[in-house]
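**Student:** Below: sequence and its predicted model.
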Amino acid sequence: MSEAIYDEQIAPLLMQAGKLCEQHGLAMVAVVEYGKEQRGETRLLPEGSGLAMHMLSMLAASGNNIDSYLIKVIRFCKQEGIPLDESMFLRQYGTAQQRERQ
């Protein structure tokens, strides 16, 4: 029953919100859990979206797999030139140059 409510009532509203966000260049990440381990997601990340929005999107995409989430974060940070050495947990995955700065 909850999935039907999501599909019929909530998802269309999130789609409308997503269209409004897109029109105005706003980032949006929405996750609705309608059952244990069952989620619906709406994600919109225009150019220039901040790290927090990308992290929310990666977390939503990873579900319950924390390793998947952390791998996505590490890859994104490396791709965007965000230094991993600022994180006590992620610094070990930084480049040699980043580790030398410690």
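**Tutor:** Received the coordinates, thanks. Residues are numbered from 1 along each chain as shown.

**Student:** Go ahead and name everything in contact with stretch 56-76.
**Tutor:** 29, 31, 37, 39, 41, 43, 45, 54-55, 82, 84, 90, 93 (CB atoms under 8 Å, 6 or more residues apart in numbering). Just so you know, the C-beta spots here come from the backbone N, C-alpha and C atoms, and that holds for glycine as well.

**Student:** Can you show me the strands along the chain?
**Tutor:** 28-35, 38-44 (DSSP state E).

**Student:** would you list these in CSV and tack on distance to Pro12 and mean pLDDT?
**Tutor:** As requested, these are arranged in CSV below (distance: least, CB to CB, whole Å; pLDDT from 0 to 100):
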stretch, distance to Pro12, mean pLDDT
strand 28-35, 12, 93
strand 38-44, 11, 92
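
**Student:** To Ala11, which of those lies closest?
**Tutor:** strand 38-44 (5.9 Å; CB to CB).

**Student:** what angle sits between the closest one and strand 28-35?
**Tutor:** Angle of strand 38-44 versus strand 28-35, following axes from the mean of the first three to the mean of the last three CA atoms, to 10 degrees, is 170 degrees.

**Student:** by contact count, what packs against strand 38-44?
**Tutor:** Strand 38-44 is packed against helix 11-23, strand 28-35, helix 51-62, with contacts defined by 3 or more CB pairs under 8 Å, 6 or more residues apart in numbering; DSSP states H and E.

**Student:** Using a markdown table, lay out those together with mean neighbour count and distance to Phe76.
**Tutor:** Below are the helices and strands packed on strand 38-44 laid out as a markdown table (neighbours: other CB atoms under 10 Å; distance: least, CB to CB, whole Å):
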| stretch | mean neighbour count | distance to Phe76 |
| --- | --- | --- |
| helix 11-23 | 13 | 21 |
| strand 28-35 | 16 | 14 |
| helix 51-62 | 16 | 6 |
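
**Student:** Perfect, I'm done here.
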